[in-house]
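Asker: Provided below for reference: sequence and predicted model.
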Amino acid sequence: MNQTIPFTLDILVVADNAESLLALHALVVAYGHKASTARSGSEALAKVQDQEPDVVLMDMQRPDFDGFELTRRLRLLHADHFMKVLMVLPVQGDEHVIQALESGADACVHRPLNATLLGAKLRHLAGCQRLHSGFARLAQRHLDIVDNIGDAVITLDAKGHIKDMNSTAHALFDTRTHLEHVLPMSGVDCLSLLGLSLTDLLSQRECRVRRADGSVMAVDVNYKEWRENGRVLYTLVLRDKTERNAIELMQNEFLATVSHELRTPLTSVLGALGLLAGGAAGSLPAAAMQLATVAQRNGKRLSRLIDDILDLTKIQSDQFVLHQRMQPVGPLLQEAMLASQAYASSLSVQLEAEGIDDYGDTELQLDTDRFLQVLANLLSNAIKHSPADEVVRLTLEVTPSALRVSVIDRGPGIAAGFHSQLFKQFSKAEGDNRGGQANTGLGLYISRLLIERMGGEIAADAPGALRTVGASFSVTLPLAHRPTPSPVAA
């Protein structure tokens, strides 16, 4: 009778007949399960509340209530507990089986009792219990993982009603009311809990939400849309930016302070070096002149780095303001080309422009100085990476909704694997010191911030069919209206 079983069950045997109770208890133990007993329905209800068995095996005919009524009461008592009910029916007949199943029983056996059939039923229930225990452990593991995430994780339905939140979200937003992981309410929505609608949360990568104490905090927002039983759900991850913002503010203040403190003595040093190199203190020996020139060149490099850091701290601060106005783009492009001409000539690189005659009158909302700063950075990079006697082209194109300025060179191009790093802080590719202008690793990052502040995009374009070498950087800015090409003389 002892057979291998997939799972050991904790079984409560309930019978109002002493002989039946002993017999069923003996069979359960013989099949390798744990067993306890109850002699009435009232005793069974009390023990279920205390023990929460895996299976209730009952043979009830009298006196307080029969097996059908006991099953109904058990289900009401433990609606959320995975407890199986195996009922022993005193007579054969489908109507009794139907009544047992409708009252909440999971399986039935009949009298006279077939011990082999009972063993098979218990093995089946043990297999079900093993699967359920595995799923329960997996669910608890996932719940523990989510609860130990330091970010707030909240699940909402398509109407913005809160369906679930982890412990971090409870601590941040709702410490006083909702303590269960599956919230027992359908009327609480994200607007009342967080101060933002679902549309606002899904449309922003960064936003400010209201804590439970009424204070407001800045968060990064990430979400995933998924479905359950055909219903759309959204799981949001809200990451508190308070500490990070404070650290960034301290870093920016430190960099700004240090840069300002360095600028004054550096200006004096560069002035003195310039006077020495110019012969103000008399003619210098060749070796001394070479040293002065090296010092002057590196001083200018340090000055450019200080300027970039000051620009960066200004742009990243809340106080940074662009002075934008509507103006034609053509004169700005010509000014940028003229400003870069001397540097291009020093490296024997030619500059050419395309499209300015056709679309130069197109007006954009721009900050003149900052737009020229971006163009100067793109042109100097292109010149620096171009071989001697090559051409750097600046092109202007217009679509019905945007204007696009591209700077194209025929240098070595962007190194494989570096494309994703181009517009990040302090990103420097190998070989960036050509042309006497060392790269601080901030130029493209600052350019991206400036163009984005002006409502546009900056990108590095991949080589196409007509360009297999070199690099191409483009700035795209939105138009307020559709441009009209200037007439071309016949």
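Answerer: Perfect, thanks for sending it.
Asker: Sketch out the helices for the stretch 51-200 of the chain, chain order is fine.
Answerer: 67-77, 94-103, 115-147, 167-173, 190-194, 198-203 (DSSP state H, counting those that start in this stretch).
Asker: Redo these as a markdown table? Include mean neighbour count.
Answerer: Just so you know, the C-beta spots here come from the backbone N, C-alpha and C atoms, and that holds for glycine as well. Shown next, in a markdown table, are these (neighbours: other C-beta atoms under 10 Å):
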| stretch | mean neighbour count |
| --- | --- |
| helix 67-77 | 19 |
| helix 94-103 | 14 |
| helix 115-147 | 14 |
| helix 167-173 | 21 |
| helix 190-194 | 20 |
| helix 198-203 | 16 |
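Asker: Figure out which of those helices is closest to Gly279.
Answerer: Closest to Gly279 of the helices of the stretch 51-200 of the chain is helix 198-203 (C-beta to C-beta; 64.1 Å).
Asker: The closest one - contacts with which helices or strands?
Answerer: helix 190-194, strand 216-228, strand 231-240 (3 or more C-beta pairs under 8 Å, 6 or more residues apart in numbering; DSSP states H and E).
Asker: again, only this time at 10 Å
Answerer: With contacts defined as 3 or more C-beta pairs under 10 Å, 6 or more residues apart in numbering; DSSP states H and E, helix 198-203 has these neighbours: strand 152-157, helix 190-194, strand 206-210, strand 216-228, strand 231-240.
Asker: tell me the mean pLDDT over that helix?
Answerer: When pLDDT is averaged along helix 198-203, the result is 87.
Asker: One more: stretch 277-291?
Answerer: Averaging pLDDT along stretch 277-291 gives 83.
Asker: Pull out the buried residues from it.
Answerer: Residues of stretch 277-291 classed as buried: Ala277, Leu284 (neighbour count, 16 or more other C-beta atoms under 10 Å).
Asker: gap between it and the chain center?
Answerer: Centroid separation for stretch 277-291 versus its chain: 58 Å, with C-alpha atoms, centre = their mean, to the nearest Å.
Asker: ok, now stretch 157-170?
Answerer: With C-alpha atoms, centre = their mean, you get 17 Å for stretch 157-170.
Asker: Sheet partners, orientation included, of the helix or strand containing Thr476?
Answerer: Thr476 is part of strand 472-478 when elements are defined by DSSP states H and E. When pairs are called by DSSP bridges, strand 472-478 turns out to pair with strand 402-408 (antiparallel), strand 457-461 (antiparallel).
Asker: about what we covered before: let me have the helices and strands packed on helix 198-203 in TSV, adding distance to Ala415 and mean pLDDT as columns.
Answerer: Shown next, in TSV, are the helices and strands packed on helix 198-203 (distance: least, C-beta to C-beta, whole Å; pLDDT from 0 to 100):
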stretch	distance to Ala415	mean pLDDT
strand 152-157	39	89
helix 190-194	44	79
strand 206-210	32	82
strand 216-228	30	88
strand 231-240	32	90
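Asker: where are the low-confidence patches of the stretch 301-450 of the chain?
Answerer: Confidence mapping of the stretch 301-450 of the chain against pLDDT under 70 gives the ranges 318-319, 417, 426-440.
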